[in-house]
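K.L.:
Any chance you can model this:
(2 chains)
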There are 2 protein chains.
Amino acid sequence: MSRILFSLILLFSLAQAHDTLPSWNEGTSKKNIIAYVTAVTDPKSPDFIPVVDRIAVFDNDGTLWSEQPAYFQLFFAMDRVKALASEHPEWKTTQPFQAVLENDMKTLMASGMEGIGKIVMTTHAGTTDKEFDAIVTEWIKTAKHPTKNVHYTELVFQPMLELLTYLRANDFKTFIVSGGGIDFMRPFASEAYGIPSDQIVGSKLEVKYENKQIVRLPKLRFNDDKEDKPVGIHYHIGKHPVAAFGNSDGDFQMLEYTEANKKHKTLQLYVHHTDEKREWAYDRKSHIGKFDKGLDYANEHNWTVVDMKNEWKVVYPFELKK
Amino acid sequence: MSRILFSLILLFSLAQAHDTLPSWNEGTSKKNIIAYVTAVTDPKSPDFIPVVDRIAVFDNDGTLWSEQPAYFQLFFAMDRVKALASEHPEWKTTQPFQAVLENDMKTLMASGMEGIGKIVMTTHAGTTDKEFDAIVTEWIKTAKHPTKNVHYTELVFQPMLELLTYLRANDFKTFIVSGGGIDFMRPFASEAYGIPSDQIVGSKLEVKYENKQIVRLPKLRFNDDKEDKPVGIHYHIGKHPVAAFGNSDGDFQMLEYTEANKKHKTLQLYVHHTDEKREWAYDRKSHIGKFDKGLDYANEHNWTVVDMKNEWKVVYPFELKK
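P.N.:
As a prediction, the model looks like this:
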């Protein structure tokens, strides 16, 4: 009886090991991840981390889903400008709205942070939280990516979904810490990533409580990027993460802060966009997701850098169905 | 066989029902709580709430633990002034520090928000997050309440601990939403209430990321009180609560906002401090935990108001050991 039981457990363990991160090719990154998780979850290991301290933080754009040729949230804002254009005839001749209506990305981009900020504020503020949630939910369901021609949530990274699942199966609490808007992510993050709304940290507009509702105001309250990612982690999570995942210099401080956790063994992982065929290839000179200082530091510090082209069997979930 | 199983299940159910909220006397409040939880967790009930939407928010001071004769965080600040006094000989002759060193509560209180603000900023800022955490942790372990002469965490409310446990057993996610300092609560809330640091919303100082650390600055960033409680809930939780628990007018907007949840059946509960013997009796005219407008509204709107004196069998956990 006990021999049968032992065989069953062995078979089950082998099956599990086989199922761990199936979309990751055998290689350095997969090895590093599994070695880390194994070490910190084994009660007999000197590196064991109590469950309460297993905090893992993930950037979103470029780390959990794609971010090219522009942040998806910008496409959302542009689609909103188009949807609202009939109420604003003056936009036809007013920049940067005119550029959006004419699909003139060059002029829009040339309008810089001021112009893009105007587009974002106009389309993200002035509603209640519930109205905005409904608008994003509808957009996510219907809008399609300009070149990939699939829904945006189809452009999440299958290997990262497996990594999230693997970490949660090992009692890590997974958080998003993104420069993107917190209320833009909340409507889809639960279904797309299995991450509930209270485990999302992101950039925020000012809001006020009025007539028993939350009303969104056209003023940035918090820009969750660079050195403010650790600040956002402090405010929302209140614990020092042990594992951090990003893809750009904007995530550098989050990974650096995680590495500075002296209490526990830590893991830092950068997704390197090297796949010009299945996804996009960009790093040091990209305007979106610039990965330069972080890449150098990662190489010097033995952080894990995922070579997307060679280490990921598939990039997107829909490839599995082919 | 099936009859034995049935009997066992019946016995187990009866035992469970008997164990629900054992420190609550049979009465309106206990009945309201159990009726609500039963209705919203029964999949066959028209009031059923999916697990993902079972968000319950609790005020801390006066709701989960006592708050008299002053907020416990003020006693912490005063103890810190005394601990730091040898490094600041000038405090002996500088108000409001002198008042603290001389235990002159009258002069301290007369210094108003400006004076008390000075005491709080001096004792809460200027450290890293980890240093502050260690200071609070040590204080919580050693300091004693001036009149009750027990550790502060012994002054949590046993019936509310049972309520937290009962809600969590029914798949509610429990959050603290307090005017108190978020970093003052985090070091003990996990042990005292079973609420992890990322499920705490509170008032915040500004912080900055510097030398791979979080440094606390002497400037208030967010005052999590009154109409900013719904704002804090929006930022941290990102979902509309279905159950809210408070004790004062400072919690009114949080309960009002929860009542305004049109998607689900909701519960609003106020703890009314009516027990001058075991705890304290105060409401409409109290400087701490003023309960006036909220009490009227609660009575008009059929919110649950707990008569602490008559509805709680015990107030503090240590009474159970007697």
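
K.L.:
Next one: A:Ile288 relative to chain B, how far apart?
P.N.:
According to Cβ to the nearest Cβ, to the nearest Å, A:Ile288 and chain B sit 23 Å apart. (C-beta placed from N, C-alpha, C; glycine too.)

K.L.:
before we move on, what SS does that residue have?
P.N.:
Classification of A:Ile288 using DSSP: H, G, I helix; E, B strand; the rest coil returns coil.

K.L.:
Near chain B, which residues of the stretch 151-300 of chain A? Just list them.
P.N.:
For the stretch 151-300 of chain A, the contact set with chain B under Cβ under 8 Å from any Cβ of the partner chain comprises A:173, A:175, A:182-183, A:186, A:190, A:196-200, A:204, A:207-209, A:212-214, A:227-228, A:230-231, A:234-240, A:253, A:256-257, A:259-260.

K.L.:
Mind doing that once more with 6 Å?
P.N.:
Residues of the stretch 151-300 of chain A lying near chain B by Cβ under 6 Å from any Cβ of the partner chain: A:186, A:197-198, A:207, A:209, A:212, A:214, A:227, A:230-231, A:234, A:237-239, A:260.

K.L.:
ok, which pair from these is furthest apart?
P.N.:
Farthest apart among these by Cβ to Cβ are A:Lys212 and A:Ala260. That separation is 42.8 Å.

K.L.:
what about the residue lying closest to A:Thr147 once chain neighbours are set aside, neighbour count?
P.N.:
Spatially, and ignoring its direct neighbours in sequence, A:Thr147 is nearest to A:Pro69 (7.0 Å; Cβ to Cβ, 6 or more residues apart in numbering or on different chains). Neighbour count of A:Pro69, defined by other Cβ atoms under 10 Å in any protein chain shown: 14.

K.L.:
Also the one 4 residues further on?
P.N.:
Neighbours of A:Gln73 under the rule other Cβ under 10 Å: 24.

K.L.:
Mind checking what secondary structure it has?
P.N.:
What three-state DSSP gives for A:Gln73 is helix.

K.L.:
swap in A:Val271?
P.N.:
A:Val271 ends up strand, using three-state DSSP.

K.L.:
is it in a bridge, and if so with what?
P.N.:
Beta-bridge pairing of A:Val271, defined through DSSP bridges, involves A:Val306.

K.L.:
And stretch A:261-268, what's buried?
P.N.:
Buried residues in stretch A:261-268, counted by 16 or more other Cβ atoms under 10 Å in any protein chain shown: A:261, A:264, A:266-268.

K.L.:
And the helices in chain A?
P.N.:
A:2-19, A:28-41, A:72-84, A:97-101, A:105-110, A:112-124, A:129-142, A:158-169, A:182-193, A:228-236, A:252-259, A:293-300, A:308-311 (DSSP state H).

K.L.:
who wins for neighbours among the residues of the stretch 151-300 of chain A next to chain B?
P.N.:
A:Pro230 (29 neighbours).

K.L.:
wait, that residue sits on B:Val207?
P.N.:
No - counting by Cβ atoms under 6 Å, A:Pro230 does not reach B:Val207; the two are 8.9 Å apart.

K.L.:
Tell me how many other residues crowd the closest residue in space to A:Ala143 that isn't next to it in sequence.
P.N.:
Nearest residue to A:Ala143 in three dimensions, chain neighbours excluded: A:Asp79, at 5.8 Å (Cβ to Cβ, 6+ apart). Neighbourhood size, A:Asp79 [other Cβ under 10 Å]: 16.

K.L.:
A:His301 too?
P.N.:
With other Cβ under 10 Å as criterion, A:His301 counts 11.

K.L.:
and the gap between it and A:Asp307?
P.N.:
The gap separating A:His301 from A:Asp307 is 17 Å, by Cβ to Cβ, to the nearest Å.

K.L.:
With A:Phe58 instead?
P.N.:
19 Å.

K.L.:
Neighbour count: those two, which is higher?
P.N.:
Remark: of A:Phe58 and A:Asp307, A:Phe58 carries more neighbours, 25 against 16, as counted by other Cβ under 10 Å.

K.L.:
neighbours of the spatially closest residue to that one that is not a sequence neighbour, just the number please.
P.N.:
The shortest distance from A:Phe58 to any non-neighbouring residue, by Cβ to Cβ, 6+ apart, is to A:Phe245 (4.7 Å). If you count neighbours by other Cβ under 10 Å, A:Phe245 ends up with 30.

K.L.:
show me the contacts for A:Phe245.
P.N.:
With contact set as Cβ atoms under 6 Å, 6 or more residues apart in numbering or on different chains, A:Phe245 has these partners: A:58, A:63, A:269.

K.L.:
ok, now A:Thr174?
P.N.:
A:56, A:164, A:167-168, A:195.
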